[in-house]
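Enquirer: Quick one, what's the 3D model for this:
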Amino acid sequence: MPWLLTLLAGLFLPFMVWAKPTPAILGLLDKAYQAQGQMLSKDELLHRVSENRFLLAEAHRLAPHFLTRQAEVGFSTQFHTERYMLDLLQHNFTFPSVNPLSDHDLATFDKPWLMAQLGSYPATGQYSADQLKQLAQVELQLPSVQCSLADIVSTLSMQMRFALHQGDVRVLHHELERRNYYRQIIARLQPELDKRQITLDALFELSQAEVLRPAMLAYLGVKQQMHSEKSPYLTALLEQVSTAQIAAYYHAHKADFRYVAEVEAEGASFDSQAEALAFREQLNQSPEVSFATLGDKQLFVAAQGRLNKAKSRNNWSQNVAFNLPPHTLSHPIRTPQGQWLLIKTGNRSYAYYDLSSETVRYQAREALLTAMAQAAYQQRFANWRQQQDASL
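Expert: So this is what the prediction gives:
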């Protein structure tokens, strides 16, 4: 099968040896997971750490842009990683007090200064190399924070960057306070970390791996994310789905491609909800009352009460009939034109989408892609673990 080429490519991953997590690191993670409501056994914890490291290695290999930012509109990956590190530490240590930045420290960075230094907001929302080079020359020197405006804008989300260009100094001050807090906490906890032989590099790596986990699982097709485009990896994998595979999937899952082809229905349109409710009450109370007595208010007369799905696509009331359960009298339904409908459905007849239809092609390819992506993922992860075990 063609898709095996992609799967087998996982046998030749760029090799990077990761040190085994120490008991102290595992204890740190375990407490944090417990605080999040995740009760993991020792084996589950080791598997999680190993899988996270694999996903981080895959990010370096396949999606290095994730190491900078997972989405153009969002905060930087470093921002999320530092926030996760603090969360991790907070569940394991008592945080020391921190000296906040004073008003005197921040006084220089007011609105006129900010507007003069930033210049115009880029039309695309993305800074050019020249703009970043210029902003990198604007240094912000504070007691425990040394950074440039380029560092600031590279950290913030698109919404926050836009606010910054509008002269909202609160955004700048909040980011400087965040950096001040993070650096002081890390510096003051350093002796405790040293006692447990926990390095900042190891802590940062584990935090970054956890932060990138959802994005990389989606990138590799293991988990789905709402409203996300397919990654280049998945797009390439999808192109390998063959016509023969689609046909085989169709015949194996034909029941999934059944649809309501026709439905028996009658109904009427009313000028007001009250009128529709009154007639509905009459229908329920007397078998002698029918839609046929309503004359021009009747619906579906031309179709003689038997609606065809293919002919109903552009008919609002007929689409409503197809969406109702069989043998159902609806409550009054308001139309886009302000009328009120009552619809009564009868029997249904079913058909199957043709193998050549776009519906079959789309659903089969998506299902096959999911299976292929998950198989490739398991193979690549297993191979990566073998490489790691052999090197340690």
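Enquirer: Go through the biggest helix by length in the chain and flag the buried ones.
Expert: The longest helix of the chain (DSSP state H) is helix 358-391. Buried residues in helix 358-391, defined by neighbour count with 16 or more other C-beta atoms under 10 Å: 360-361, 363-365, 368-369, 372-373, 376-377, 379-381, 383-384, 387-388. From N, CA and C alone the C-beta is placed, and that goes for glycine too.
Enquirer: try stretch 155-173
Expert: 155-157, 160-161, 163-165, 169, 171-173.
Enquirer: how about the strands of the stretch 251-392 of the chain, start to end?
Expert: 258-270, 298-299, 306-308, 333-334, 340-352 (DSSP state E, counting those that start in this stretch).
Enquirer: Just put these in a markdown table and tack on mean pLDDT and mean neighbour count.
Expert: Shown next, in a markdown table, are the strands of the stretch 251-392 of the chain (pLDDT from 0 to 100; neighbours: other C-beta atoms under 10 Å):
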| stretch | mean pLDDT | mean neighbour count |
| --- | --- | --- |
| strand 258-270 | 96 | 19 |
| strand 298-299 | 95 | 20 |
| strand 306-308 | 95 | 17 |
| strand 333-334 | 97 | 14 |
| strand 340-352 | 96 | 17 |
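Enquirer: Local confidence estimate at residue 126?
Expert: You'll see residue 126 listed with a pLDDT of 89.
Enquirer: out of the buried residues of stretch 155-173, who's nearest residue 210?
Expert: Set against residue 210, the nearest of the buried residues of stretch 155-173 by C-beta to C-beta is residue 155 (18.9 Å).
Enquirer: where does the stretch 51-200 of the chain have low pLDDT?
Expert: Within the stretch 51-200 of the chain, no stretch falls below the threshold (pLDDT under 70).
Enquirer: now swap in the stretch 251-392 of the chain and tell me
Expert: Short version for the stretch 251-392 of the chain, where the test is pLDDT under 70: 390-392.
Enquirer: Correct me if wrong: residue 81 contacts residue 206.
Expert: No - Residue 81 is beyond contact range of residue 206, at 9.6 Å (criterion: C-beta atoms under 8 Å).
Enquirer: Please say which of those two ends up with more neighbours.
Expert: Applying other C-beta atoms under 10 Å to residue 81 and residue 206 shows that residue 206 carries more neighbours, namely 25 against 21.
Enquirer: where's the nearest residue to residue 136 once chain neighbours are set aside relative to residue 172, distance?
Expert: Closest residue to residue 136 apart from its sequence neighbours, by C-beta to C-beta, 6 or more residues apart in numbering: residue 150 at 3.9 Å. Look at residue 150 and residue 172: by C-beta to C-beta, to the nearest Å, they are 13 Å apart.
Enquirer: ok, the closest residue to residue 351 other than its chain neighbours - contacts?
Expert: Counting by C-beta to C-beta, 6+ apart, residue 351 lies nearest to residue 261, which is 3.8 Å off, once chain neighbours are set aside. The contact partners of residue 261, by C-beta atoms under 8 Å, 6 or more residues apart in numbering, come to 308-310, 349-351.
Enquirer: what would the residues you listed look like in a markdown table with distance to residue 85?
Expert: What follows is the contacts of residue 261, written out as a markdown table (distance: C-beta to C-beta, whole Å):
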| residue | distance to residue 85 |
| --- | --- |
| 308 | 61 |
| 309 | 55 |
| 310 | 58 |
| 349 | 61 |
| 350 | 56 |
| 351 | 57 |
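Enquirer: what's the farthest-apart pair in those residues?
Expert: 310 and 350, at 13.6 Å, using C-beta to C-beta across the contacts of residue 261.
Enquirer: The residue in the chain sticking out farthest from the centre and residue 282, how far apart?
Expert: When distances are taken from the C-alpha mean of the chain, residue 288 lies farthest, 54.9 Å away, according to C-alpha atoms, centre = their mean. Per C-beta to C-beta, residue 288 is found 9 Å from residue 282.
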